[in-house]
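[1] here are the coordinates; sequence isn't available:
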DNA sequence: CATGAATGAGATTTCATTCAT
DNA sequence: CATGAATGAAATCTCATTCAT
């Protein structure tokens, strides 16, 4: 008996979560296709195959819907990047793990990575969704960790004595640039070629002994 | 008589052009403040101190207004960057001129640079402004020139033998990263420190003989 | 067996009736708190601790729910006021009984009295609740009885020869004014002071021999 | 030249005011016919023969529209009643002037009087229009003046020594009762008969020397 | 020409009602 | 029967665009 009840509750819950995901996915698709302001709740409802009213059972309003869409993805991204930075190994190994994770994220989760990875910062979304703050916090935390990593490398004499903050920003930006390429190019660039070239270009520039062959 | 008419016509023309600029400037200000969709024609009219109807004498509709706003700025940016790349001197000197011009453009013309330089991506999401194509063309032309420059440097044995296209993209992105910093930081970063660090980091990585002290 | 069935039926019936009351009470509370249009069926369901669908097993629709809510209260009020007017004693005594009953009703059953007693008017504006007719009938019957009482008093020479209808309306309105005071005042007025003053003011004005000390 | 300009401005202004009145009148009609919540902006626009958007050029939103509708009428009512209370003559004369003015207001301006005169206080309008406060202030001011008048009469020994506040409320309510009659009756009651009876009934009850024959 | 009042299509959001579980 | 998720019609409000003055 208890099991049956539990199962029923569980099924409901699972269904609820599935519907929520369907709505968020529809919203994500439309966000890419039409942008935030041009995506209407009618659009989302139609794409998710629900009635408009149903959308509002899951999300208080349009703003909240998109905020939750962003936050869920961003937090996932932050977690994964943190895991990369927490890997065992020296500074170089960690940065390379960060790099690989970024590329993976971009490939796996293009939409959100596109927005998250440097390409968002302000635009059409900015004035409407009051979420930029959270986004900036996440960015600030990640940049802070990168900066610490570079500082540690500089102190240990592994990296040349450049501004750790600029290095962190530069590294992060370079890594993110792959996205811009993905967007702009008709034929997507080869991931490995990209990683290899960035590694050489960037780390050759900052390693004290340029014996870095990844 | 003919001269007078010409003068009158000329004055009219100049006035017409001046009004057009006032409208575009108002639109630019509002674009930064409120974003594209949230900026109304009434807003623009009020800011430019014209009547709404008057705006429509200058621009067929809202879409065209913003397209012309972007195109004018972007073409100006392209011209200036081309001039930098056309300077006398070797590849390194030209890249450094490009770099300096970018920073100058960002500082002088933040609004458009912000949109142009790397922040464009989620603008590309918005199909309303059907101008992304033109933007990509400009980018493609500039990247093509950068790529050629790198290829030339590699062929002359001045740069290490990396993929010229990746180098071009990487360089351009790094240069544009200054904008992200401007946006994200409370206290703006020192321009010179930035230029110096990027120069070292990047060119140390790709110069065959790292005797580059700008 | 028959008895058992009867008992079961009876218990069901009693439960059905109890649930119906719970729903009506919830609706009444919300009516006061939020007004008719702003009270949603979801609100009522939540307050009554039933599911929305259940509400519809008791009442065909929202309109009917509120109609039944009003009618039940109003019929109760009519019954009690009729009992007051049926009391033994002369005209004055009956009017005073009517008066006391009104005050009691207002105190005991503020919500409905508020709607019933004089505050109804701009409810009559609302055509949604098609119940105004029934309300008017009840009012008409009660006013008719009051008018007859005044006419009888006038004929017996106990009241001065004024228009019985206007007297009835005036009396009824004065009595109802206590409600307006209850609503408008921060510190509620003393019931006894109110009754005493109204008695004197009103009956002094219409009694032939003003020896009326209630 | 100046005159022409002035005239043009004036014409615009007059037209603006006229349109505003047309909208308010349409809203008032519909308020009586359908109630506040059931009256839609579409309704008002259709009745006033404007487009919906036009209504919003005159009133920020529905709430404000109705607030201005009420306030304008209420302030007019307050002014007229104050004028009645400011008339030369003794307390009795002023109260009778107040009474006559009320009846006149009710007859001339039924809708607003209906809402203003005791019949509003709380209902469908209450939870939506945040104007009840202003309404109560006006009521409080008027009741205050009535109370002072009664107190003055009591002190001069012209009225019997009853609670001045209850007298004020009672008088005001009685006077307003005519409205309830207007609403409930098919054949409207004779104004003069009403005034005469109320005068006698009420003032007989409170005058020390009942030589009051108006 | 310039003006800005008027327009009305379209967006967001609510909520009475239904119906599969 | 009870439930409450789903529905979609309808309400409010916005704003690009037109056009009489």
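    On my side now, so go ahead. As the structure is a computational prediction, the values presented were derived from the model and not from experiment.
[2] quick check: domain ranges of chain A?
    According to automatic domain parsing, chain A comprises the domains A:1-59, A:61-214.
[3] how far out from the middle of the chain is the first one?
    Spelled out, it's domain A:1-59. From the chain centre to the centre of domain A:1-59 is a distance of 22 Å (C-alpha atoms, centre = their mean, to the nearest Å).
[4] let me see the contact set for residue A:46.
    Contacts for residue A:46 were tallied using C-beta atoms under 8 Å, 6 or more residues apart in numbering or on different chains; there are none. In this view, the C-beta of every residue, glycine as well, is placed from N, C-alpha and C.
[5] so residue A:88 is in which element?
    According to DSSP states H and E, residue A:88 maps onto no helix or strand at all.
[6] for it, give me the pLDDT.
    Here, the pLDDT recorded for residue A:88 equals 87.
[7] what do you get for residue A:124?
    Predicted confidence (pLDDT) for residue A:124: 51.
[8] likewise the one 10 residues further on?
    For residue A:134, the model assigns a pLDDT of 80.
[9] that one against residue A:68, yeah?
    No: in this structure residue A:134 lies outside contact range of residue A:68 using C-beta atoms under 8 Å: 11.2 Å.
[10] helices along chain A, start to end?
    All helices of chain A, identified by DSSP state H, fall at A:2-34, A:41-48, A:52-58, A:62-85, A:91-108, A:110-114, A:132-155, A:164-184, A:191-198, A:204-206.
[11] relative to residue C:60, which of those helices is closest?
    helix A:52-58 (22.2 Å; C-beta to C-beta).
[12] does DNA strand E sit close to the closest one?
    Yes: counting by C-beta under 7 Å from any atom of the strand, DNA strand E has neighbours in helix A:52-58: A:52, A:53, A:56.
[13] so for stretch A:49-69, what gets flagged as buried?
    Residues A:50, A:55, A:58, A:59, A:62, A:65, A:66, A:67, A:68, A:69 are the ones in stretch A:49-69 that count as buried (16 or more other C-beta atoms under 10 Å in any protein chain shown).
[14] so how far is residue A:144 from the fifth one?
    Summarising the geometry, the distance separating residue A:62 from residue A:144, computed by C-beta to C-beta, to the nearest Å, is 32 Å.
[15] ok, the last one next?
    From residue A:69 across to residue A:144, the span is 25 Å (C-beta to C-beta).
[16] same check, this time on the fourth one
    According to C-beta to C-beta, residue A:59 and residue A:144 sit 32 Å apart.
[17] what about residue A:154, neighbour count?
    Neighbourhood size, residue A:154 [other C-beta atoms under 10 Å in any protein chain shown]: 19.
[18] my guess is it contacts residue A:165, does it?
    No: contact criterion C-beta under 8 Å: residue A:154 and residue A:165 do not qualify, at 11.4 Å.
[19] returning to what we had before: need the max-distance pair from the buried residues of stretch A:49-69.
    The most widely separated members of these are A:50 and A:67, with 19.4 Å between them, by C-beta to C-beta.
[20] quick check: the residue of chain A nearest chain C.
    Closest to chain C within chain A is residue A:57: 11.1 Å, counting by C-beta to the nearest C-beta.
[21] which parts of stretch A:82-97 are buried?
    A:84, A:85, A:91, A:92, A:94, A:95, A:96, A:97.
[22] as JSON lines, those with pLDDT and distance to DNA strand E would be great.
    Converted to JSON lines, the buried residues of stretch A:82-97 look like this (pLDDT from 0 to 100; distance: C-beta to the nearest atom of the strand, whole Å):
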{"residue": "A:84", "pLDDT": "94", "distance to DNA strand E": "37"}
{"residue": "A:85", "pLDDT": "94", "distance to DNA strand E": "38"}
{"residue": "A:91", "pLDDT": "89", "distance to DNA strand E": "46"}
{"residue": "A:92", "pLDDT": "87", "distance to DNA strand E": "47"}
{"residue": "A:94", "pLDDT": "92", "distance to DNA strand E": "42"}
{"residue": "A:95", "pLDDT": "90", "distance to DNA strand E": "41"}
{"residue": "A:96", "pLDDT": "86", "distance to DNA strand E": "43"}
{"residue": "A:97", "pLDDT": "91", "distance to DNA strand E": "40"}
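[23] which regions of chain A sit below the pLDDT cut-off?
    A:1-9, A:113-132, A:178-189, A:205-214 (pLDDT under 70).
[24] phi, psi for the residue in it that chain D sits nearest to please.
    Going by C-beta to the nearest C-beta, chain D is nearest to residue A:61 of chain A, at 18.1 Å. Note on residue A:61: its backbone torsions stand at phi -160, psi 180 [degrees, to the nearest 10].
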